[in-house]
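Asks: structure for the following, please:
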Amino acid sequence: MHSLPRELPQPLKLRVLDFPSRHETLYSRHAANQSRSLESGHLDFVVQAPLDHLSNGDSTAPVIFLDPYPVTRQLPRHGYQLVYTPTQGCADFHMWSGRVIDNLRHALLGDLLVSADYLNFLEMLRDNQSRQLRYELIDCETPTKVPYQQLLGLRFKTLFAMVLAPDNLSIRYWSLLANALSVMNPDLKSFALGMQPSPRMVPQLLLLGEPEL
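Replies: As a prediction, this is how the structure comes out:
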């Protein structure tokens, strides 16, 4: 079992190492700062790193490697791999990786209507045996209808999910989504579903977890 932190760090910080652009960014709850060398975050996103890169951050912090195609990567102790899959609205890996990081940043650092926090995120990683991740962002057709068709075929062993929704979305809708995800993924080892305000008129459902192969 991975000995990831079990207490919520204050303040939570996320670090992004983008190798193609040679940018390093540190995000906290209230600000983002850029520099050539920043202190380690509590969660690292590493974009298109060389295969021999093991991350030089905090050894207890999880590291998510975002790769444009499947590669055999030697992962550090708390390392995980997320491979690009073409999605609607993301024409290439660069656009996709930016959207993944942006959505997860808001999910972990934003104001929540229903909480699924960093500790839930760590639990999802801690229970991940393969250390492979899958990301999906589903557009819900209406703020009242569960997107069953889009969820078909998506199977997870661990799952951290977030509803990005208008402020007036009902808790009942969140409950219906939670039930649908639980029923369609009966073997989940860990599962959390939060809800966060979004300016979009219809909800989106963010899914991240270990895929069931």
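
Asks: how about the helices of the chain, start to end?
Replies: For the chain, the helices defined by DSSP state H cover 93-109, 118-126, 148-151, 171-184.

Asks: which non-adjacent residue is nearest residue 136?
Replies: Spatial nearest neighbour of residue 136, chain neighbours left out: residue 207 (4.3 Å); criterion: C-beta to C-beta, 6 or more residues apart in numbering. No exception for glycine: its C-beta is placed from N, CA and C like everyone else's.

Asks: what's the burial count for the one you found?
Replies: A count of nearby residues for residue 207, using other C-beta atoms under 10 Å, gives 19.

Asks: need the winner for burial among the helices of the chain.
Replies: helix 118-126 (a mean of 21; mean count of other C-beta atoms under 10 Å).

Asks: against residue 109, how distant is residue 117?
Replies: 10 Å (C-beta to C-beta, to the nearest Å).

Asks: how about residue 159, what does it touch?
Replies: Going by C-beta atoms under 8 Å, 6 or more residues apart in numbering, residue 159 touches 124, 181, 185, 188, 190-192, 207-209.

Asks: narrow those residues to those in strands?
Replies: 190-192, 207-209 (DSSP state E).

Asks: tell me the most packed of these, by neighbour count.
Replies: Ranked by the number of neighbours (other C-beta under 10 Å), those place residue 209 first, at 28 neighbours.

Asks: what bridges to it?
Replies: Listed beta-bridge partners, residue 209: residue 134 (assigned using DSSP bridges).

Asks: ok, it - contacts?
Replies: Taking C-beta under 8 Å, 6+ apart, one finds 124, 128, 133-134, 156-161 in contact with residue 209.

Asks: mind doing that once more with 6 Å?
Replies: Residue 209 makes contacts with 124, 156, 158-159, as judged by C-beta atoms under 6 Å, 6 or more residues apart in numbering.

Asks: read off the pLDDT value for the spatially closest residue to residue 125 that is not a sequence neighbour.
Replies: Nearest residue to residue 125, sequence neighbours excluded (C-beta to C-beta, 6+ apart): residue 62, at 5.3 Å. Here the pLDDT value assigned to residue 62 is 92.
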